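S.K.: Need coordinates for the following:
(2 chains)
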Protein chains: 2
Amino acid sequence: MRQLAGTQAGRAYLRSEVEGELQAIFSRSQATAEAYGPHFSRLWNLASRRVRGGKFVRPLLLLETYDALRRSADSIPNSRSTSQPRGAHARSEVVRIAAAVEALHFAFLLHDDVIDGDFFRRGRPNLIGELAEASRDEARPGGARHWAQTGGILSGNLLLSCAHQVFARAKLPAELKLRLLDVLEHTVFETTAGEFIDVGLSDGVFSADLGTVLEMTGRKTASYTFELPLRAAVILADGSRALENKLSAAGLHLGLAYQLQDDLNSTFGDASVHGKDLYSDLREGKQTAIICFARMSGSWPLIESDFGNPDMSIEAAKYLSDCLRDCGAEDFVRGLIREQVEAFSLVLCAPDSEESVPRTVQDVLFGLLARIDGRQS
Amino acid sequence: MRQLAGTQAGRAYLRSEVEGELQAIFSRSQATAEAYGPHFSRLWNLASRRVRGGKFVRPLLLLETYDALRRSADSIPNSRSTSQPRGAHARSEVVRIAAAVEALHFAFLLHDDVIDGDFFRRGRPNLIGELAEASRDEARPGGARHWAQTGGILSGNLLLSCAHQVFARAKLPAELKLRLLDVLEHTVFETTAGEFIDVGLSDGVFSADLGTVLEMTGRKTASYTFELPLRAAVILADGSRALENKLSAAGLHLGLAYQLQDDLNSTFGDASVHGKDLYSDLREGKQTAIICFARMSGSWPLIESDFGNPDMSIEAAKYLSDCLRDCGAEDFVRGLIREQVEAFSLVLCAPDSEESVPRTVQDVLFGLLARIDGRQS
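M.R.: Numbers count the residues shown, from 1 in each chain, chains lettered A, B, ... in the order given. Below is the predicted model:
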């Protein structure tokens, strides 16, 4: 596999590893789920099929970084004898943790959709939408939606528990296991805090300055999408805490850049590329960095009245988008992204540090950055 | 403490142990929660205060059973040397697991309240109600309730994660730890399936026969309230799988009796004792064993029209309650309870079994049964 590292084919192989592991994790509970009758069994099948069909951004980042760290250790001529981690563990344990990170991602996604009242994601029914559709004819009025949202909360809990169980059962040296549990605990806490702040901003419980919005973004998305896989990779490769902290910092910058780019795509993107999600942030009244900037500008009165109107026409949304571009919000956020990318590069390449990031890992992360940049088109 | 075992004072002591442990668990994350700002910090404080102020039914059952098993081992004259479990562990680990069981209970309770749209429990604001009240003046219209329910989902997730983390970090011999993780996994799965079926019945997604209702009750309530603490106690005392299964079966019967009694209290109880929860099942249209029986009787047309009306007057509810009594539903359910209590006694006292239940443990469980019976008045 070494010659495939970092290529499309290499990632396809890693993806098949993760999918196999998820299959194994879910099939373990399949018989139990079936014993609880057809409705619960359907919920379990829906959830497991969705997780297995994901893009695996997070597990791939974990595995690519882990493999890069192992290659780097192998390539140091005199360190061969120490290249095996203290208390070695099988690579299958690493793949299983990566799979658990994907289960955690879906748990957050499901609860997010329940909280936002979403029955669709990227224009297609999400798990909740599928459940509502399937029980529409049987349920009492309003019952199908309520039951479907209940299914969203409960399947989210099952996936959250599944992630915890995989971490708890990992066959790892005690010290590494504790470090992993610490990271998982921190991630759940931080993501939850980020979500609570995000919803509080939308519900108008407190007002949004740029600092709060960026902090929320870091907590809600960057923490579990980038910091968790990177930290876990370092721990599983038995890397130092200094390296773990450094990659965690790089992950936070990358995550902020990623989310800010996502905001730009939703507000200024090309409808033919981004489909129905274009302008969804404007219709939802989402408090993004774009909106924070616009609120301070003279154009805000033009924007304010329609912002957050769920029934906004495509023309009205296009007008809002133009106003936001004209007032300088787009340029401002592009500037923020550049700052995050620069900070990211600085962390990765700093030569004067306690422990420098191996070249193999730099390649993985700069490769990921390039693919994120590609989303701009 | 031995002379206090099974007494009020003994339970007060165990309660203080659990409370101390919960305090320790929560204070570990207190500083982090505060770093996430005043809103998240309030959520964390609300959740931890609620858990610490609970009745501790489940952790007390675990600790009383564990202590009874240890006393029983001590009292066998020639077994002193083997009375220490294989791979001994500190009693503090047992108390910590008991505290985690209480955190799990509150996680389920919070999500239950979100799913049922409840802002009150037993006539007083629950955590969600408190949150909604606190943000009413700041939020946009509808925002306070939405934000509060989001807080319910998220704090439930934090407590669920907290329970998993405590189990994962328990300092126990590997074999016992795996058995405990199995029980936790099974419990979460089973409780989730029970809740999903319960909500499906209320939402009319499928119809309720008595078998489904009893099965749902066993899964939703008996599993985590009785089976989990009893199984955990046996495992922590390094008891056999035969004893674990036997106490689990006893716990299921006890749990069904407990829930059926709860149904009777809500439908036929004394308003001065049960406060605002009296008739709440009738207003919610809850599918109980009482209703299953009544549906098959000639009185159902008298009951059907008002059943599930949330605005039912106290007089109308009283009339429904009388109809349910007259058609024989109350007697029928009392009969079901008797059957469960008999089955419970049979399991506990069966002399011909592979491993009989120690007398000390029988005392604990019959004591609990007597206290549950006391709830009838």
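S.K.: centre of the chain versus the host helix or strand of residue A:245, how much separation?
M.R.: Residue A:245 is part of helix A:241-268, with elements assigned from DSSP states H and E. Relative to its chain's centre, helix A:241-268 lies at 10 Å (CA atoms, centre = their mean, to the nearest Å).
S.K.: That helix - contacts with which helices or strands?
M.R.: Other helices and strands packing on helix A:241-268, by 3 or more CB pairs under 8 Å, 6 or more residues apart in numbering or on different chains; DSSP states H and E, are helix A:210-217, helix A:228-236, helix A:280-284, helix A:289-295, helix A:314-326, helix A:329-349, helix A:359-373. C-betas here are computed from N, CA, C, even on glycine.
S.K.: For the fifth one, output the C-alpha coordinates as PDB.
M.R.: This means helix A:314-326. In PDB, the C-alpha atoms belonging to helix A:314-326 read as follows (Å, rounded to 0.1, in the frame of the first residue of the first chain):
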ATOM      1  CA  ILE A 314     -34.600  32.600  -5.200                       C
ATOM      2  CA  GLU A 315     -34.600  36.200  -6.500                       C
ATOM      3  CA  ALA A 316     -34.800  37.800  -3.100                       C
ATOM      4  CA  ALA A 317     -32.000  35.400  -1.900                       C
ATOM      5  CA  LYS A 318     -29.900  36.300  -4.800                       C
ATOM      6  CA  TYR A 319     -30.400  40.000  -4.000                       C
ATOM      7  CA  LEU A 320     -29.300  39.400  -0.400                       C
ATOM      8  CA  SER A 321     -26.300  37.600  -1.600                       C
ATOM      9  CA  ASP A 322     -25.400  40.500  -3.900                       C
ATOM     10  CA  CYS A 323     -25.800  43.000  -1.000                       C
ATOM     11  CA  LEU A 324     -23.500  40.900   1.200                       C
ATOM     12  CA  ARG A 325     -20.900  40.700  -1.600                       C
ATOM     13  CA  ASP A 326     -21.100  44.500  -2.200                       C
END
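S.K.: Okay, buried residues for that helix please.
M.R.: For helix A:314-326, the neighbour count (16 or more other CB atoms under 10 Å in any protein chain shown) marks A:316, A:317, A:320, A:321, A:323, A:324 as buried.
S.K.: Show the contacting residues for the residue positioned nearest the centre of chain A.
M.R.: Centroid-nearest residue in chain A: residue A:225, 3.6 Å away (criterion: CA atoms, centre = their mean). Applying CB atoms under 8 Å, 6 or more residues apart in numbering or on different chains, we find residue A:225 in contact with A:57, A:58, A:105, A:255, A:258.
S.K.: How confident was the prediction at the second one?
M.R.: Right, the one you point to is residue A:58. We have a pLDDT of 97 for residue A:58.
S.K.: Which secondary structure state does it sit in?
M.R.: Following DSSP: H, G, I helix; E, B strand; the rest coil, residue A:58 is assigned to helix.
S.K.: coming back round to it: distance to chain B for the buried residues of helix A:314-326 - can I get that in CSV?
M.R.: Compiled in CSV, these are given as follows (distance: CB to the nearest CB, whole Å):
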residue, distance to chain B
A:316, 21
A:317, 21
A:320, 19
A:321, 23
A:323, 22
A:324, 21
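S.K.: now the helices and strands packed on helix A:241-268 as JSON lines including mean pLDDT and distance to residue B:231?
M.R.: Listed next are these as JSON lines, based on pLDDT from 0 to 100; distance: least, CB to CB, whole Å:
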{"stretch": "helix A:210-217", "mean pLDDT": "88", "distance to residue B:231": "41"}
{"stretch": "helix A:228-236", "mean pLDDT": "98", "distance to residue B:231": "31"}
{"stretch": "helix A:280-284", "mean pLDDT": "88", "distance to residue B:231": "45"}
{"stretch": "helix A:289-295", "mean pLDDT": "95", "distance to residue B:231": "50"}
{"stretch": "helix A:314-326", "mean pLDDT": "95", "distance to residue B:231": "56"}
{"stretch": "helix A:329-349", "mean pLDDT": "96", "distance to residue B:231": "48"}
{"stretch": "helix A:359-373", "mean pLDDT": "92", "distance to residue B:231": "44"}
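S.K.: Can you tell me which of these is most buried?
M.R.: Highest mean neighbour count among those (mean count of other CB atoms under 10 Å in any protein chain shown): helix A:228-236, with a mean of 27.
S.K.: Nice, that's everything, thank you.
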